[in-house]
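Student: Below: sequence and its predicted model.
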Amino acid sequence: MPTIIFLNGTSSSGKTTLLKSLQKQMQEPYLDMGIDKFIWMLPSRYLDRPLWDDVLGKAHQSGPLGMTLFSGMHHAIAAAASRGNNIVADHVFVEKAWVDECASLFAGMNAYLIGVKCPLEIAEQREKDRKDRTLGQARLQYDVIHQYVTYDLEVDTSLLNSEECVTKIIERLKSPPVAFKQLR
């Protein structure tokens with residue numbers, strides 16, 4: 001049975017670093033089907049305001065394009081896993097509708113929901129340092145990102161380095177997932 005790992009946290013919380021570390025450390029291949037992959041499929045003009053607001057730039061919510069885009073992402077992940085692919089995906093669950101859709105799609109699958117946390121000031125500094133993010137996303141997402149979810153595991157990237165976080169995640173995969181079942 002394929003495994004799906006969702007990493008949910010604010011922009012610049014460390015999700016992508018953990019995703020890449022997981023891909024390196026897992027014995028079997030895991031496809032990166034995360035939010036950044038789907039965002040970067042858009043024409044580049046959508047990555048800046050005002051069009052960004054139609055994707056993910058509004059306070060505490062997605063725009064109409066984001067609702068469609070990320071629903072497509074959820075269904076693509078489910079389809080890929082149904083064909084036997086292991087998946088790791090970073091996400092920003094700022095919409096309850098996304099959580100509900102994922103709970104419906106993944107409750108019956110071997111799908112784990114991992115919370116990736118760090119203090120806001122660290123996420124904001126990372127966001128500035130990266131220079132490839134829409135500034136302000138960490139602050140916009142911070143108060144809602146963990147609001148609608150229950151986790152199989154939470155990691156704090158300000159307290160643990162990426163290898164320590166990945167070790168905890170891999171250890172958690174030894175037990176069945178429960179988060180999406182509880183959310184459904």
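Tutor: Done, it's in.
Student: If you count contacts, what does the host helix or strand of Y112 end up packed against?
Tutor: Following DSSP states H and E, one finds Y112 within strand 110-117. In this structure, strand 110-117 makes packing contacts with strand 3-8, strand 153-156, helix 162-172, helix 179-183, judged by 3 or more CB pairs under 8 Å, 6 or more residues apart in numbering; DSSP states H and E. In short, each C-beta sits where N, CA and C put it, glycine included.
Student: Put together a markdown table for these, with distance to M67 and mean pLDDT on each row.
Tutor: Listed next are these as a markdown table, based on distance: least, CB to CB, whole Å; pLDDT from 0 to 100:
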| stretch | distance to M67 | mean pLDDT |
| --- | --- | --- |
| strand 3-8 | 17 | 98 |
| strand 153-156 | 26 | 98 |
| helix 162-172 | 28 | 97 |
| helix 179-183 | 18 | 97 |
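Student: tell me the most buried of these?
Tutor: Compared across the helices and strands packed on strand 110-117, strand 3-8 shows the largest average neighbour count, a mean of 26 (mean count of other CB atoms under 10 Å).
Student: Can you dump the C-alpha atoms of it in PDB for me?
Tutor: Provided in PDB are the C-alpha atoms of strand 3-8 (Å, rounded to 0.1, in the frame of the first residue of the first chain):
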ATOM      1  CA  THR A   3       2.200   6.000   1.700                       C
ATOM      2  CA  ILE A   4       1.200   9.700   1.500                       C
ATOM      3  CA  ILE A   5       2.900  12.200   3.700                       C
ATOM      4  CA  PHE A   6       1.400  15.700   4.000                       C
ATOM      5  CA  LEU A   7       3.600  18.400   5.600                       C
ATOM      6  CA  ASN A   8       1.400  21.300   6.700                       C
END
